[in-house]
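1. sharing a model that was predicted from the sequence below.
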Amino acid sequence: MTILDIRKLSIVKPDTPKRNSASTNNTTMILNNINCSLEAGEIMGIIGPNGAGKSTLLKAIMGDIEYTGEVRTHAFSKDKLRRARQIAVLPQFSLLNFSYRVSEVVQLGRIPHQSGKLIDEQIVDQALELLDISFLKHRLYPQLSGGEKQRVQLARVLAQIWREEDAEGPRLLILDEPTTALDLGHQQELMGIVKQFSTQGVAIMMVLHDINLASRYSDKLLALLCSEQIVCGNVESVVTEENISRLFNIKAKIIRHPSSNTPLVIST
Amino acid sequence: MTNSVSPSRNEHNDLNAQAFATRRVWAIGAAVLLLPICFVVALTLGTTALPLNEVISSLLGFSDSQRTDLIVQQIRLPRSLLAALVGALLGISGATTQGLFRNPLADPSLIGVTAGAAAGAAAMIFFAAELASFRGFAGIGLVSIGAFIGGAIAVIGVYKLATNAQGTSVATMLLAGIAITAVAGGLTSLVEFFANNEMLRRISLWRMGGLDGANYYRVGLAAVVTFFILVLLPRFSKSLNALLLGESEARHLGIDVQRTKVQIILLVAAAVATAVSLAGSIAFVGLVVPHIIRLLIGPDHRYLLPMSAIGGSILLLLADTLARTLVAPIELPVGLVTALLGAPFFISLLRRRHGYSMQ
């Protein structure tokens, strides 16, 4: 089932005079003519250099900023609260500086739900367990390290869409650079969790800077460069020497991952 | 996945959690007990200290001393009630403002209410001086009405400045609050410049904040406003909890952020404008009280908001008792006491903030 269908999505820079936004002069666009779709249970990785418009695309999908074109999300509820039970978002940065305890932060993910205190607490414990941070449960959030904070925020976001029965429809997880502050072991662990959620039917859309991580765990990749969509499709068609060289302006060589046989990018 | 946690560390954490939960219960219990005690203390102490049993029998209507009845029922009771109500309004507004601005150092006066109210009061003292009596409608006082109007205009101005098609920017509100505060301060100074000595003294006394104008009309008005604020603001506890994460994060948790912001701003403005117009500008209660409560029980607004109201009541009752007894028979303005005691306390908080894990 297609749960997200993006057609001709464009975003004009906010300060541009409005006289003729149809004439797509590239310098006035943040995003220009993006087309892609996402199925239930599918993992889409969004790759591209800094400033390509990856985070902006996520914001447009979540309805945080204005855009032209179409983002079809008919599968999701129109009611704000019900929608929050279906779509959870991990932001790139977290500004929380009040001295919440870790368990309280994860508990915030249960705000849209009315599943009762007992179930909420169980889910919080399970989410902490899943992200390997049960030992942080009673610590104060502002005292944690960057990577620990990121895992706490991930636990919060996962707790928001934890149970299928709460969602009453498809579930979508949007992650903006979820692995930036994580060490190698926890990056792998997080990708395992993402995979696990996708087998339960949760669709996942994530911005990743690590191409090898993205190509190993994604079903589909969307590559953005300078506000333009370079290519959107399966991993094999996106991770090519030509595409990677063009995207990141490097000399890339593609080899095969010894166990999963997915493409591995090596800069030469 | 391997878990690198030693059992002893887990145990330590569970102990922490237990201690924290216990502390929250103790703090709430202590505050609920302290409030009536402080109230009775406020009734007992003053220029003339009254015996506790006489105060209580007068409250219950059994007293045979007319003098005690007069002091307790006509002077100290309305004053203490007003102190408790105004303190509750300032405490809960402070906690809400700090949550909305995601800044533990924010204060309700940041959105311009206090300065606007001061300008309104000064203008009323200046222009209505000819109207002889300051006892306006139902004993509330023209000055109070002027202060309320001034405060309301300031908030509307700040809100309009910070709102555009994209919504209300909380950061812009802070800056607009500073600008409006400067304008209102300038207007107040202008009025003061043209005022005569008598007016000048009235204006400056009003700005120090005082509860000496307390009467049952004011208490009634404050009680009605406090009732609505205490019923309505805690409904936003969950939204405020989510807003601490950030506005877009709160939106992704299903909260109508723009509507919530507008409603919270309106309620806080009404609360602070009422408090300021009935008791003048009283510094530091709205800033310090939520701070202390947060140190005791954490930032969860479900507990923080009611506890800040109780804490504000306690603090203002104690401050007013001090104001009446420190240099008796002269009564100090209560705003002076809260500023002189609150500021050093706040400075000590700032110096120790790393121990409290504030950013």
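-> Looks like it came in fine.

2. you'd agree B:Ala323 is up against B:Leu336?
-> Yes - when contacts are counted by CB atoms under 8 Å, B:Ala323 is listed as touching B:Leu336 (7.3 Å). To be clear about C-beta, it is placed using only N, CA and C from the backbone, and glycine gets the same treatment.

3. just want the residue of the stretch 51-200 of chain A that's nearest chain B.
-> Nearest to chain B in the stretch 51-200 of chain A, going by CB to the nearest CB, is A:Ala84, at a distance of 2.9 Å.

4. excluding covalently adjacent residues, which one is nearest to that residue?
-> Spatial nearest neighbour of A:Ala84, excluding adjacent residues (CB to CB, 6 or more residues apart in numbering or on different chains): B:Gly254 at 2.9 Å.

5. in contact with the one you found, which residues?
-> A:80-85, A:111-112 (CB atoms under 8 Å, 6 or more residues apart in numbering or on different chains).

6. and it, how far from A:Ser115?
-> Using CB to CB, to the nearest Å, B:Gly254 is found at 14 Å from A:Ser115.

7. returning to that earlier point: between B:Ala323 and B:Leu336, who's got more neighbours?
-> Remark: of B:Ala323 and B:Leu336, B:Ala323 carries more neighbours, 25 against 17, as counted by other CB atoms under 10 Å in any protein chain shown.

8. can you tell me the helix or strand for the more buried one?
-> In the assignment (DSSP states H and E), B:Ala323 maps to helix B:301-325.

9. in the helix or strand just after that helix, what's buried?
-> Next in sequence after helix B:301-325, counting helices and strands by DSSP H and E, comes helix B:334-351. Residues of helix B:334-351 classed as buried: B:334-339, B:341-342, B:346, B:349 (neighbour count, 16 or more other CB atoms under 10 Å in any protein chain shown).

10. for the residue in the stretch 151-300 of chain B positioned nearest to chain A, what are phi and psi?
-> Across the stretch 151-300 of chain B, no residue is closer to chain A than B:Gly254, which sits at 2.9 Å (CB to the nearest CB). Dihedral angles phi and psi of B:Gly254 (degrees, to the nearest 10) take the values phi 90, psi 10.

11. where's it relative to B:Thr274, distance?
-> Look at B:Gly254 and B:Thr274: by CB to CB, they are 32 Å apart.

12. equivalent analysis for B:Gln18, please.
-> Following CB to CB, the distance that separates B:Gln18 from B:Thr274 is 41 Å.

13. next one: A:Ser10
-> A:Ser10 is 49 Å from B:Thr274, by CB to CB.

14. kindly provide the distance from the nearest residue to B:Gly213 once chain neighbours are set aside to chain A.
-> Computed as CB to CB, 6+ apart, the closest residue to B:Gly213 that is not its neighbour in sequence is B:Gly141, at 6.6 Å. Separation of B:Gly141 from chain A (CB to the nearest CB, to the nearest Å): 39 Å.

15. helix or strand: which one has residue 157?
-> No chain in the question, so chain A it is. Here A:Val157 is assigned to helix A:146-160, by DSSP H and E.

16. other chain: chain B
-> Of the helices and strands defined by DSSP H and E, B:Gly157 is found in helix B:142-162.

17. got a list of contacts for the helix or strand that that helix is followed by?
-> Downstream of helix B:142-162, the next assigned helix or strand under DSSP H and E is strand B:163-164. The set of residues external to strand B:163-164 that reach it, using CB under 8 Å, 6+ apart, is B:Ser169.

18. and B:Ala275, its phi and psi?
-> Here is the backbone geometry of B:Ala275 (degrees, to the nearest 10): phi -60, psi -50.

19. again, but for A:Pro263
-> Per degrees, to the nearest 10, the backbone of A:Pro263 is at phi -70, psi 140.

20. now the strands: where do they sit in the chain?
-> Looking at chain A here, since you left the chain open. Ranges of strands in chain A, per DSSP state E, are A:2-12, A:29-39, A:43-47, A:68-72, A:87-90, A:171-176, A:202-207, A:220-225, A:228-234, A:252-256, A:263-267.

21. please refer instead to chain B.
-> Ranges of strands in chain B, per DSSP E, are B:163-164, B:167-168.

22. quickly, which of the ones you listed bottoms out on average pLDDT?
-> Per-stretch mean pLDDT for the strands of chain B is lowest at strand B:167-168 (a mean of 72).
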